[in-house]
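*Asks:* got a structure for you, letters missing:
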């Protein structure tokens, strides 16, 4: 599988095509040392139209949002991979597989520029402010207070995940899970 990269004006745009089993090896080096918001292609279209990542997008309230620390603090949830060791990264990935968080959609990563990074509420900051009482992804979850303007985004990385065809057991589960 080869990477395809397309560069455009600010923010820069990269499109990667990566086999599912190679995500850790190929995508993680692109994201390591960065802070980003991960979303879906449809949500990214909406974000692009509005020019902002909303802390509370309309229709996005989910059952767990009330317990999510950064959501409850009126923040855009981010992943902060600037300063963590391999063991912390492994723990974080087990809690939230941000490389491909949804099996039914390819990820889009909105990477923050330096001005936005300076405003990030880090995991350590959140823990010192009482985040342990709410849901928070260990070591990597961070927040940006309020809505995040796209002018603060340095790079957009869209990823096309090449997934293997579902095996017979998964196909059977999909068949029973479909609406008539």
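*Replies:* The structure has been received and is ready for your questions. Remember, predicted model here, so these are calculated numbers, not experimental data.
*Asks:* got a list of contacts for stretch 116-129?
*Replies:* 35, 69-70, 73, 75, 78, 80, 82, 112, 131, 136-145, 148, 152-153 (CB atoms under 8 Å, 6 or more residues apart in numbering). The way it works is simple: take the backbone N, C-alpha and C, and place the C-beta from them, glycine included.
*Asks:* buried ones in it?
*Replies:* By neighbour count on 16 or more other CB atoms under 10 Å, the buried set for stretch 116-129 is 116, 117, 120, 121, 122, 123, 126.
*Asks:* quick one on the thing from earlier: and the contacts of stretch 116-129, which are buried?
*Replies:* Buried among the contacts of stretch 116-129 by 16+ other CB under 10 Å: 35, 69-70, 73, 75, 78, 80, 112, 131, 136-137, 139-144, 148, 152-153.
*Asks:* Take the residues you listed and keep only those in strands.
*Replies:* 35, 75, 78, 80, 112, 141, 142, 143, 144, 148, 153 (DSSP state E).
*Asks:* so how far is residue 25 from the second one?
*Replies:* From residue 75 across to residue 25, the span is 31 Å (CB to CB, to the nearest Å).
*Asks:* From the buried residues of stretch 116-129, pick the one nearest residue 50.
*Replies:* Proximity of the buried residues of stretch 116-129 to residue 50 (CB to CB) peaks at residue 116, which lies at 16.6 Å.
*Asks:* ok but that closest one is inside a strand, no?
*Replies:* No. The assignment for residue 116 is helix, going by DSSP: H, G, I helix; E, B strand; the rest coil, so no strand is present there.
*Asks:* Would you double-check that residue 13 falls in a strand?
*Replies:* Yes. Assessed by three-state DSSP, residue 13 belongs to a strand.
*Asks:* quick one: it from residue 159, how far?
*Replies:* From residue 13 to residue 159 the distance is 12 Å (CB to CB).
*Asks:* Same drill for those two, tell me which one is more crowded.
*Replies:* Under the neighbour definition other CB atoms under 10 Å, residue 13 and residue 159 were set side by side, and residue 159 has more, 23 against 14.
*Asks:* Which residue, neighbours along the chain excluded, lies closest to residue 111?
*Replies:* Here the nearest residue to residue 111 in space, its sequence neighbours aside, is residue 155; by CB to CB, 6 or more residues apart in numbering that works out to 4.1 Å.
*Asks:* go on, residue 154?
*Replies:* Residue 154's closest residue in space is residue 113 (CB to CB, 6+ apart), at 3.5 Å.
*Asks:* Determine the number of other residues adjacent to that neighbour.
*Replies:* Neighbours around residue 113, by other CB under 10 Å: 15.
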